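Enquirer: could you work out the structure for the sequence below:
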Amino acid sequence: MKKILILYTGGTIGMVRTKEGYQPQTGGIRRLLSEVPDLGMEGMPVYDLIEFDRLIDSSDVTVEDWNRIARTVEAHYNAYDGFVVLHGTDTMAYTASALSFQLAHLNKPVILTGSQIPLCELRSDANDNLITSMLFAASDRLHEVCLYFGGKLLRGNRAVKVSSDGLNAFSSPNIPPLAEAGIRLNYRENELLPASDLPLTVTDLSPVPIAVLKIFPGIQYRVFEPILTEGLSGLVLEAFGAGNIPGGEEALLPFIRRAAEHDAVIVVCSQCLKGEVSLGTYATSMGLKRAGAVSGYGMTTEAAVTKLTYLFSLGLPRDEIRRLMEVNLRGEMSSEREFI
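Expert: Presented below is the predicted three-dimensional model:
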C-alpha cells in the first residue's frame, strides 16, 4: 500500500468558519480530513499529515515558505511514495514553479492542490481535489512537481491561475495537461518527465530583487527608471505577442541601457497565454535582443520569476544565468529545447 505525506500550509481548503470569516485554524485540517469518508476507502493510499505551525494566506507566501516546503519534502523523502501540498490558490502556481526548480532529480510526485470552496462547506471542490491529488501522488509514473485542480493534472511550472471564482481555476496554455481525471486517471505518457538516476538535490532560495514590468500601449519608460538601480538583479518584461514592445529603440534603449549598466538579467515573456517569445522576429523586438535581453520563450511569468530566483540563489555569474534562462531545466520550456 502506498504511503503519502500531506503538507498543510494554509489556504481555503482547510479553512473553517469564524466570526471574522473563513480562517485557517490550528488542528482544523486534521478534524476535516477525519470526516472525509473517501480517505478510508479501499484503493486509497494511507497518509500522514504535517500541519505547518504558521499557516499562511497564499498571498503572503515568501521564499522562506518555499524553502520550508522543499526541506520538509527532503526530510521525509525516503519514507513516503509521494507528497501532497495543500496550498492557497492565489500563488499556488508560483509555489509549484519554485518547487520544481528547488527539487532537482525528483523521482516522486509532489502534487499541489487546494480549493475554491472550503472542505467544510457544501458543494466544496476540495474533496475531489484532495482525493485525486493523493491518487496521483501514489503514481509510479510521475517524477515531478505538479498542480492538480478541477480534473486536470498540470506541470507545476507551466500552470497559471485563470479564474478567481471558477472551479477550473488553473490552466497550462502552452502544453496539455499531463493527465485528466475522468472515470479513470488518463495520462499523456509522452508529456511526462523521465525519472532521474541521481539523488534528490534541494536548493534553498534566497530573496532576490526581481521586478516584473507589463508593457502597455503608450508606456513611458522613464516612469520606471527609479527601479533600475544597482539593487535590481532581474527584470521580467511582459511584452506583446512574440516579444514586441512599443516606442521603438529611441524609447527603449535608455531604459535597457540603465538596466544593463547594473548588470540586471532581462527576460522577455509574452502577455499572451499561448505561444512563445521570439526576439528579433519583428523589428519591434529587435531592440530588446540587441540590448542583451534573453527570451523566456513559452515560460509563464511565474516560471520566469522563480527560475531567476533559483539561478541567482545558486550563486552563478550573470552571463551563466542569462544562458540558463534559455535552457529547459525542468520542463518549463518546450521539449524541443535542451534539457538538463
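Enquirer: residue boundaries of the helices in the stretch 1-150 of the chain?
Expert: Along the stretch 1-150 of the chain, the stretches classed as helices by DSSP state H, counting those that start in this stretch are 28-34, 63-75, 92-102, 126-137.
Enquirer: which of those helices has the highest mean neighbour count?
Expert: helix 92-102 (a mean of 28; mean count of other C-beta atoms under 10 Å). Glycine gets a C-beta too; all of them are placed from N, C-alpha and C.
Enquirer: could you grab the helix/strand/coil label for Gly331?
Expert: Look at Gly331: counting by DSSP: H, G, I helix; E, B strand; the rest coil, its state is coil.
Enquirer: wait, it touches Pro194, no?
Expert: No. Applying C-beta atoms under 8 Å as the test, Gly331 and Pro194 come out as separate, 10.1 Å apart.
Enquirer: counting neighbours, go ahead and name the busier of these two.
Expert: Gly331 (21 against 9; other C-beta atoms under 10 Å).
Enquirer: contacting residues around the more buried one?
Expert: 100, 144, 155, 157-158, 193, 339 (C-beta atoms under 8 Å, 6 or more residues apart in numbering).
Enquirer: could I have the buried ones of the residues you listed as ChimeraX selection syntax?
Expert: The buried residues among those can be selected in ChimeraX (16 or more other C-beta atoms under 10 Å) with this line:
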select :100,144,155,157,158,193
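Enquirer: which of the contacts of Gly331 fall in helices?
Expert: Judged by DSSP state H, those include Ser100 as members of helices.
Enquirer: coming back round to it: tell me which of the helices of the stretch 1-150 of the chain lies nearest to Ser285.
Expert: With distances scored as C-beta to C-beta, the stretch of the helices of the stretch 1-150 of the chain nearest to Ser285 is helix 92-102 (24.4 Å).
Enquirer: what mean pLDDT does the closest one get?
Expert: Averaged across helix 92-102, pLDDT comes to 98.
Enquirer: now the strands for the stretch 101-250 of the chain?
Expert: 103-104, 110-113, 145-149, 152-155, 160-161, 170-171, 179-181, 185-187, 201-202, 210-214, 234-239 (DSSP state E, counting those that start in this stretch).
Enquirer: looking at those, which is nearest to Gln23?
Expert: strand 110-113 (19.7 Å).
Enquirer: which helices and strands does that closest one pack with?
Expert: strand 82-86, helix 92-102, helix 126-137, strand 145-149 (3 or more C-beta pairs under 8 Å, 6 or more residues apart in numbering; DSSP states H and E).
Enquirer: as JSON lines, the strands of the stretch 101-250 of the chain with distance to Ala293 would be great.
Expert: Output for the strands of the stretch 101-250 of the chain, formatted as JSON lines (distance: least, C-beta to C-beta, whole Å):
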{"stretch": "strand 103-104", "distance to Ala293": "27"}
{"stretch": "strand 110-113", "distance to Ala293": "31"}
{"stretch": "strand 145-149", "distance to Ala293": "28"}
{"stretch": "strand 152-155", "distance to Ala293": "25"}
{"stretch": "strand 160-161", "distance to Ala293": "22"}
{"stretch": "strand 170-171", "distance to Ala293": "27"}
{"stretch": "strand 179-181", "distance to Ala293": "35"}
{"stretch": "strand 185-187", "distance to Ala293": "37"}
{"stretch": "strand 201-202", "distance to Ala293": "30"}
{"stretch": "strand 210-214", "distance to Ala293": "12"}
{"stretch": "strand 234-239", "distance to Ala293": "7"}
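Enquirer: so for Phe312, which of those strands sits nearest?
Expert: Here strand 234-239 is closest among the strands of the stretch 101-250 of the chain (C-beta to C-beta), at 6.9 Å.
Enquirer: strand 210-214 and the closest one, what's the angle between them?
Expert: 10 degrees (axes from the mean of the first three to the mean of the last three C-alpha atoms, to 10 degrees).
Enquirer: for strand 234-239, which strands pair with it and how are they oriented?
Expert: strand 210-214 (parallel), strand 265-270 (parallel) (DSSP bridges).
Enquirer: flag every buried residue along the next helix or strand after the last one.
Expert: The one in question is strand 265-270. Heading C-terminal from strand 265-270, the first helix or strand you meet, by DSSP states H and E, is helix 283-290. Across helix 283-290, burial judged by 16+ other C-beta under 10 Å covers 284-289.
Enquirer: pLDDT at Tyr221, what is it?
Expert: 85.
Enquirer: show me the contacts for it.
Expert: Contacts of Tyr221 by C-beta under 8 Å, 6+ apart are 247, 251-252, 254-255.
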